[in-house]
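>>> How does the following fold in three dimensions:
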Amino acid sequence: MPFSLRAPKSSLTVRFTLLLLSALLPTMLSLPAAGQPVHGAAMHGEPAYPPDFKHFAYVNPQAPKGGTLTLHAIGAYDTFNPFVVKGNSPSGIGLIYDQLTTRSDDEAFTQYGLLAERFAIGEKRDWVTFYLNSKARFSDGEPVTAQDVAFTYDLLTQEGKPFYRAYYADVAEYEIEDEHTITFRFARSNPELALILGQLSILPKHFWDGRDFNAALTEPPPGSGPYRIGKFDLGKSITYERDPDYWGAELPVNVGHYNFDRVSYTYFLDHDVAVEAFKSQTYDFRDEHSSINWATEYDFPALKEGRATKEEVPHIRPQGMQGFVFNTRQEVFADPLVREALGYAFDFEWSNANLFYGAYTRSQSFFSNSELGSEGLPSEAELQLLEPLRDQLPPQVFTTEYQAPTTRGGSLRDNLRKALQLLRRAGWMFRDGKLINADGKQLAFEVLLVDQGFVRIVNPMAQNLKRIGVEVSIKVNELTQYINRLNNFDFDMVVGKFPQSDSPGNEQRDFWGSDKADQLGSRNLAGVRDPAVDALIDKVIFAESREDLTTACRALDRALLWGHYVIPQYHIDRDRIAYWDNLERPEITPKNGVNILTWWTRQPGN
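Take a look at the predicted model:
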């Protein structure tokens, strides 16, 4: 998924994160009748909530309103525009925007009406019509119209992040039918395109028209969402205030959400300082991503006294892939044999025991923690997709189950010996303590980081590689420089994460598509240029059923794994959260995990 405002097809703990055929079976999207307006639609099967539903099952509809939720962020921000490559936008900026439709957190991929109170999808999945709610307003009182939708679509696909062009590549045209109705027509049937078009966060044409969209925006823009920008200190803090005139407050999809009067972010330059600030109750809620912090930094008096809580909340959210990402545009990583060899130097078992307190599971798939990941050898259904591409795929796709290198049942020395064997096949020689090629050039590269805490994770691998003559340097950049280098593909290796949803689709083009490999700002960090991968991406996008989608994802997974574009790291199937006793939460946690925006401020006497 892209760096999204409300991450498409993924849960919201204020994450970025970022989110199918010529004829389609009617059962794929259950509608009362094809082409008729509906309140919601599921990618596969039927929506869990009927047209007359009152609220989602995982919220507290009686949750009291009021109070302030204080959160933290790392780094700084310099613009209020999150839709372009240039600049860093503040955490939580998605709170000021509404989308045409919104998702539920307890379904794989179902969209319900928001700005569009109804939407209709063609029988062949080649068009979608959105019927806007006539009550919808921007925070400055101006109505949300079909012209705003069209303006937003044009602006984002022409001047926004490359993701938007990839995500909506199959849109052929749109037609504004009246002030509150707009139809998008597709170049070909695309099963999920109608749903992901609903994920457009609609911008006010009257504000943006005539402005330079790529210039830094330091004036708070109007939005149509539940909050508006209140007090801020550019780059250091920002507070979102709940809009008392929010047009959609009573919609069923919003009941039980947005209970805080204010959501405030304080910025810290250092993760360690941020942890200490939490323990002094500088902010209310922390979603912990560091295993060492989780194991060692949460033994403080308030926790023992019950004034603060630390807990692990299980989820069944797909975890995608986190790993050391090779920039295959660089000559040093152009050979897949070299990439495969270097993977043997990451000793996950040692790291998990000595650095991570045994918290993690080794990732073996780009669709970790999900039925979509590949296992064993290809099934017959997978082979139907893979066989036509046999000449373009690594032979191991067909003959060998992928397993990331391990020291379980062996040793690091064994792994480094395998690495050297592969490197020799790739033309590298070990001479005088250095690994050199025929020109006498040493194999050397830089690992680019943005988090100082990751140095302790990279260092052991760097030391292991030094034993076989590979020189690894580590560079930690501040956030702005780091993002600029990523956007310009100015790196050798980074630690990257490719999040996945329960329903992968068009976003895979931005992750792995050949046409994105040289498009600055895309999420194809590895520089994948592989016609077989492109073909399998299409199989994912145009899958006709959940079964077909699962098959296509597993086939794509195999091609990516055996392409050795990353050294897989690890994942966890729990949210690690800590919070102070001024917060209360719903009794039910949805399958996709914790959503802080369904919590509320504890009332006096509770």
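
>>> Just give me the neighbour total for V263.
The burial count assigned to V263 is 24, neighbours taken as other Cβ atoms under 10 Å. All C-beta atoms are positioned from the backbone trio N, CA, C, and that covers glycine.

>>> Repeat that for G433.
Using other Cβ under 10 Å as the criterion, G433 is surrounded by 10 other residues.

>>> Check P388 too.
Per other Cβ under 10 Å, the neighbour tally for P388 reads 11.

>>> Would you mark the buried spots in stretch 167-184?
When burial is assessed from 16 or more other Cβ atoms under 10 Å, stretch 167-184 yields the following buried residues: Y167, Y168, A169, D170, V171, Y174, H180, T181, I182, T183, F184.

>>> Export the residues you listed as JSON lines, with columns for distance to F232, secondary structure and pLDDT.
Putting these into JSON lines (distance: Cβ to Cβ, whole Å; DSSP: H, G, I helix; E, B strand; the rest coil; pLDDT from 0 to 100) gives the following:
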{"residue": "Y167", "distance to F232": "29", "secondary structure": "helix", "pLDDT": "90"}
{"residue": "Y168", "distance to F232": "31", "secondary structure": "coil", "pLDDT": "94"}
{"residue": "A169", "distance to F232": "35", "secondary structure": "coil", "pLDDT": "92"}
{"residue": "D170", "distance to F232": "38", "secondary structure": "coil", "pLDDT": "94"}
{"residue": "V171", "distance to F232": "35", "secondary structure": "strand", "pLDDT": "96"}
{"residue": "Y174", "distance to F232": "35", "secondary structure": "strand", "pLDDT": "97"}
{"residue": "H180", "distance to F232": "33", "secondary structure": "coil", "pLDDT": "98"}
{"residue": "T181", "distance to F232": "36", "secondary structure": "strand", "pLDDT": "98"}
{"residue": "I182", "distance to F232": "33", "secondary structure": "strand", "pLDDT": "98"}
{"residue": "T183", "distance to F232": "38", "secondary structure": "strand", "pLDDT": "98"}
{"residue": "F184", "distance to F232": "35", "secondary structure": "strand", "pLDDT": "98"}
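
>>> And those, which two are furthest apart?
Distances among the buried residues of stretch 167-184 were taken as Cβ to Cβ; the most separated pair is A169 and H180, at 26.7 Å.

>>> Wait, T157 touches Y168, no?
Yes: with contact taken as Cβ atoms under 8 Å, T157 and Y168 are classed as touching, separated by 5.8 Å.

>>> Grab the nearest non-local neighbour of H39.
Spatial nearest neighbour of H39, chain neighbours left out: P51 (4.5 Å); criterion: Cβ to Cβ, 6 or more residues apart in numbering.

>>> Now do the contacts for P51.
P51 makes contact with V38, H39, G40 under the criterion Cβ atoms under 8 Å, 6 or more residues apart in numbering.

>>> T218 now?
By Cβ under 8 Å, 6+ apart, the contact list for T218 reads D78, T79, F80, L234.

>>> How about the second one: what's its closest non-neighbour residue?
With Cβ to Cβ, 6+ apart as the criterion, T79 has its nearest non-adjacent residue at 3.7 Å, and that residue is G87.

>>> returning to that earlier point: for Q281, state which of the contacts of T218 is nearest.
Q281 has its nearest neighbour among these in L234, at 25.2 Å by Cβ to Cβ.

>>> Which residue, other than its chain neighbours, is closest to that closest one?
Taking Cβ to Cβ, 6+ apart as the measure, L234 lies nearest to T218, with 6.2 Å between them; neighbours along the chain are not counted.

>>> So which bits of stretch 429-437 are buried?
Across stretch 429-437, burial judged by 16+ other Cβ under 10 Å covers K434, L435, I436.

>>> ok, now how distant is the second one from L416?
The reference is to L435. According to Cβ to Cβ, to the nearest Å, L435 and L416 sit 11 Å apart.

>>> And stretch 46-53, end to end?
Between the start and the finish of stretch 46-53 there is a gap of 14 Å, counting by Cα to Cα, to the nearest Å.

>>> actually stretch 70-89, not the one I typed
From start residue to end residue, stretch 70-89 stretches across 18 Å - Cα to Cα.

>>> again with stretch 577-591
For stretch 577-591, the separation between the terminal residues is 16 Å (Cα to Cα).

>>> State the mean pLDDT of it.
Model confidence over stretch 577-591, given as mean pLDDT, is 95.

>>> just stretch 531-546 next, same as before
Along stretch 531-546, the predicted confidence averages to a pLDDT of 94.

>>> Can you mark which positions in that stretch are buried?
Neighbour-count burial for stretch 531-546 flags 532-546 (criterion: 16+ other Cβ under 10 Å).

>>> With respect to V338, which of these is nearest?
Comparing the buried residues of stretch 531-546 against V338 with Cβ to Cβ places V533 closest, at 19.1 Å.

>>> Which strands or helices does the helix or strand hosting the closest one pack on?
Secondary structure assigned from DSSP states H and E places V533 in helix 531-541. Other elements packing on helix 531-541 under the criterion 3 or more Cβ pairs under 8 Å, 6 or more residues apart in numbering; DSSP states H and E are helix 507-512, helix 546-562.

>>> Just name the most buried of those helices.
Among the helices and strands packed on helix 531-541, helix 507-512 has the highest mean neighbour count (mean count of other Cβ atoms under 10 Å), at a mean of 27.

>>> Can you name every helix or strand that that one contacts?
Secondary-structure packing of helix 507-512 (3+ Cβ pairs under 8 Å, 6+ apart): helix 162-167, helix 531-541, helix 546-562.

>>> For those helices, give me JSON lines that also has distance to A359.
As requested, the helices and strands packed on helix 507-512 are arranged in JSON lines below (distance: least, Cβ to Cβ, whole Å):
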{"stretch": "helix 162-167", "distance to A359": "31"}
{"stretch": "helix 531-541", "distance to A359": "31"}
{"stretch": "helix 546-562", "distance to A359": "23"}
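
>>> so what's I474 closest to, chain neighbours aside?
Nearest residue to I474, sequence neighbours excluded (Cβ to Cβ, 6+ apart): V447, at 5.1 Å.

>>> Bridged to the one you found, which residues?
Beta-bridge pairing of V447 under DSSP bridges involves I474, M493.

>>> What pLDDT does the model give the residue lying farthest from the centre of the chain?
Here the chain has its C-alpha centre computed as a mean, and the residue farthest from that point, by Cα atoms, centre = their mean, is D432 with 44.2 Å. At D432 the predicted local confidence, pLDDT, stands at 91.

>>> List the contacts of it.
The neighbourhood of D432, defined by Cβ under 8 Å, 6+ apart, contains no residues.

>>> Could you tell me which residues touch both of L435 and L416?
Contacts common to L435 and L416, judged by Cβ under 8 Å, 6+ apart, are I468.
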